[in-house]
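Visitor: all I have is the shape, not the residue letters:
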Ligand SMILES: Nc1ncnc2c1ncn2[C@@H]1O[C@H](COP(=O)(O)OP(=O)(O)OP(=O)(O)O)[C@@H](O)[C@H]1O
């Protein structure tokens, strides 16, 4: 049997049935997993952007052309020409070791960063083997039946097979900013232009409203978007601000290092040192002190930090978010789902006759619930004989309640009548409505925020009859809604209207309504949020809540999570009355905003920026995109958020949990601290090394280290510099100090002072050992061996005491850093091996040491760095 071709030429010119037949798929069952796997093998993965592949060899190739390595090879060649073969072999072996170590460090950092993009890979609900499953978008194939959701960015081109009120934003393809109306039932001519193919949906476009199912026609490069893009590109993450700072710093410091690498041989020559030795020393010093590791340190710390975050349910989409996390001064959060559990449940059905919902609803309450369920944007999906509801949590709760009480006959809507039209929920109107085919005339059901709805209602249902609402009634109804809201309940008013004939606009249709009652939904605050808010406050971070909900509901939840003590609150309409300056003023004094729209959220973020705040914003909806993009850290909800929100955000909370933000901030601060410590240590070692070399030759002596010794020392220092601090746990006061001031330069005064004092300590320790040996008449080779050993001990001791800027080592504990203890053993073992095996010792131009000399070489550096730790006691923590 030959494999049928599931490719459809002109999907828009055929009926859904024809397309399904050509694609050989049953719309009720979808593709079988085996068939899908076969098609995947045939059509290839559905992607336009290939994840960046990081392999050890690739990094090795990139690294091997580094000027550093070329510099060292030059040293090796010169050694070969001027010296003995053993020296050349020795230096080549060490070079190889250095290269491998650097490549491995860089590979680890790059692999961690690359794995982040895999974590944020997307899925889409598709019907497979009779059940709706979240299928990774890469695995979608022609013939897959998709269930479209509002806010979803489509991953393939597809033919609609069923639709209700579907509107799709196609601006990426057509440039048209108004969403296009779509209709599964349309059958068009083959030559219909792309922008008018109303029965197709395209990869890259976004579902703006409505619901639908569609069958995939083409994927990857065969989609319209693929044709425009032209080729599969490889994603390369842009550099972050700190990565750029490090690069600039490295470049600048490289000149400094080069200057000294010329100065040392010049001084040596003037002091009568052999010129060949001096040239080699200059070259190796340049190799050892040019800070090429700086950008790697930041990638390492950022990459591993981001990886750690991912295990705590925080997916970093752009590394700059990981950097900014530590600097946040305000967290602007929404309420539903972030602060609350997002488990809405129906608690009240308020009709003309009854209010609470204890046990089974009475007839009027059942009527109200059936109406509410007939006007939702949620989709019911039947899977393995059980119904699952996808969509907005409010609507999901209502549909589920209706289902529980046996009130869910339809598939798409929920009301028994056939759905004629839908007006999607609009954050500004705060109303959603649907038109069903009624007995005589079309029936409009509208539901939304009580204040928005009451203004549109002229009568209300009492005992099955419509009664005109008097002014008193209106007051009473408002009071009733306010009282419910004050208990933290989300109140939804539900109303109906039999529509007169003729076409009506939305505004005209949604007037003169008959109020059926209020539905009350509870969504308790997450228990861990109160602690998280307190922790953030302690860390100098203000939490503000911006919600679309009723002010009373907002207040009740805010009190529960310990947010606002003064009770001040601004509503959307009040924000509208403020100009930008006044809003900036108000935003710094108010922490609670209710009845807001996404535009208000955006204005508030801008207002906070005007006050120089660094703002993290949470969001989930399509409309949150501008605020998320404007924020310094845009946080999307992974579980309940829309694709568009996730794409605009640079960080995704996989568990939608507010408390995770606190953990992320802590991690962000730790990450920056570690970076600072890493750089401080790394540059201290370089300063120390240069000073020691300069010191030796300035006194008319040979450099305290021979070139090959310098290369070995450099290898050990680099490993310690890049790995120690990435493994350092957070400082105990990480969440008890104010956020870092972004305006402060990275290399600030305390950092520069620390680099020079710590570098000077190492210099003093090693130089005094060296000079002591020379002046007491020891041969130069022995003095150099002492200096080498002293340095090996000193660089390690320095790493230990530089683990914390303010906490002494005794309080930190020896084992809280997972890298340093084993590395100490490795260094000790290496040093012992180097000194104990005569061949290695000779290769490194070292001599054997007496017990007394060992004692000096170990004790002097350790005692020298102790003061750095003691100095911390001046400001103990
Ligand atoms: N699906 C819905 N049907 C009817 N009314 C709704 C629906 N969703 C929200 N509303 C009404 O609109 C108001 C504002 O909702 P909106 O979605 O803007 O806030 P929210 O985004 O859920 O809140 P938050 O910003 O805290 O997450 C709600 O308080 C409710 O009265």
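Guide: Sure thing, it's come through. Being a predicted model, the structure only gives us computed values, none of them experimental. Residues are numbered from 1 along each chain as shown.
Visitor: got phi/psi on the closest residue to the ligand within the chain?
Guide: As assessed by C-beta to the nearest ligand atom, the ligand sits closest to residue 548 within the chain, at 2.2 Å. Quick note: C-beta positions are derived from backbone N, CA and C, even for glycine. Main-chain dihedrals, residue 548, degrees, to the nearest 10: phi -80, psi -10.
Visitor: that one contacts residue 597, doesn't it?
Guide: Yes: counting by C-beta atoms under 8 Å, residue 548 does reach residue 597; the two are 7.0 Å apart.
Visitor: and for the nearest residue to residue 846 once chain neighbours are set aside, the neighbour number?
Guide: In space, and not counting its chain neighbours, residue 846 is closest to residue 785: 4.5 Å by C-beta to C-beta, 6 or more residues apart in numbering. As a burial measure, residue 785 scores 28 neighbours (other C-beta atoms under 10 Å).
Visitor: contact partners for residue 785?
Guide: Counting by C-beta atoms under 8 Å, 6 or more residues apart in numbering, residue 785 touches 846-847, 849.
Visitor: ditto for residue 459
Guide: Taking C-beta under 8 Å, 6+ apart, we find residue 459 in contact with 466-469, 514-515.
Visitor: sketch out the low-pLDDT regions of the stretch 1-150 of the chain for me.
Guide: Counting by pLDDT under 70, the stretch 1-150 of the chain contains low-confidence ranges at 1-6, 49-53, 63-69, 83-84, 112-121.
Visitor: at 90 instead, please
Guide: Within the stretch 1-150 of the chain, the stretches with pLDDT under 90 are 1-11, 27-29, 43-125, 129-138, 148-150.
Visitor: per-residue confidence for residue 265?
Guide: With respect to pLDDT, residue 265 has a value of 86.
Visitor: where does it fall, secondary structure wise?
Guide: Secondary-structure assignment from DSSP states H and E places residue 265 in helix 241-270.
Visitor: contacts for whichever helix or strand comes after that helix next, please.
Guide: Downstream of helix 241-270, the first helix or strand assigned by DSSP H and E is helix 275-289. Contact partners of helix 275-289, identified using C-beta under 8 Å, 6+ apart, comprise 68, 71-72, 74-75, 78-79, 82, 257-258, 260-262, 264-265, 268-269, 686, 689-690, 693, 702-703, 706-708, 710-711, 713-714.
Visitor: okay, buried residues for helix 275-289 please.
Guide: For helix 275-289, burial by neighbour count (16 or more other C-beta atoms under 10 Å) applies to 277-289.
Visitor: turn these into JSON lines, including pLDDT and distance to residue 665.
Guide: Output for the buried residues of helix 275-289, formatted as JSON lines (pLDDT from 0 to 100; distance: C-beta to C-beta, whole Å):
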{"residue": "277", "pLDDT": "80", "distance to residue 665": "53"}
{"residue": "278", "pLDDT": "84", "distance to residue 665": "52"}
{"residue": "279", "pLDDT": "84", "distance to residue 665": "52"}
{"residue": "280", "pLDDT": "80", "distance to residue 665": "50"}
{"residue": "281", "pLDDT": "83", "distance to residue 665": "47"}
{"residue": "282", "pLDDT": "85", "distance to residue 665": "47"}
{"residue": "283", "pLDDT": "82", "distance to residue 665": "46"}
{"residue": "284", "pLDDT": "80", "distance to residue 665": "43"}
{"residue": "285", "pLDDT": "82", "distance to residue 665": "42"}
{"residue": "286", "pLDDT": "84", "distance to residue 665": "41"}
{"residue": "287", "pLDDT": "78", "distance to residue 665": "39"}
{"residue": "288", "pLDDT": "78", "distance to residue 665": "37"}
{"residue": "289", "pLDDT": "81", "distance to residue 665": "36"}
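Visitor: returning to that earlier point: quick one, what contacts the residue of the chain closest to the ligand?
Guide: Contacts of residue 548 (C-beta under 8 Å, 6+ apart): 334, 427, 430, 594-597.
Visitor: on that earlier part again, is it true that the residue nearest to residue 846 lies in a helix?
Guide: Yes: assessed by DSSP: H, G, I helix; E, B strand; the rest coil, residue 785 belongs to a helix.
Visitor: quick one: pLDDT of it?
Guide: Residue 785 is assigned 97 on the pLDDT scale.
Visitor: can you pick the most crowded of the contacts of residue 785?
Guide: residue 846 (23 neighbours).
Visitor: which SS class is that residue?
Guide: Under three-state DSSP, residue 846 comes out as coil.
Visitor: that one contacts residue 836, doesn't it?
Guide: No: Residue 846 is beyond contact range of residue 836, at 10.8 Å (criterion: C-beta under 8 Å).
Visitor: near the ligand, which residues of the stretch 351-500 of the chain show up?
Guide: 392, 394-395, 425, 427, 430, 432, 447-449, 490, 492 (C-beta under 6 Å from any ligand atom).
Visitor: run the last query once more with 8 Å
Guide: Residues of the stretch 351-500 of the chain lying close to the ligand (C-beta under 8 Å from any ligand atom) are 375-377, 392-395, 398, 425, 427, 430-432, 447-450, 452, 490-493.
Visitor: just the ones of the residues you listed in strands?
Guide: Those of these mapping onto strands are 425, 431-432, 447-448, 490-493, per DSSP state E.
Visitor: any idea which helix or strand of the protein has the worst average confidence?
Guide: strand 233-234 (a mean of 49; mean pLDDT, DSSP states H and E).
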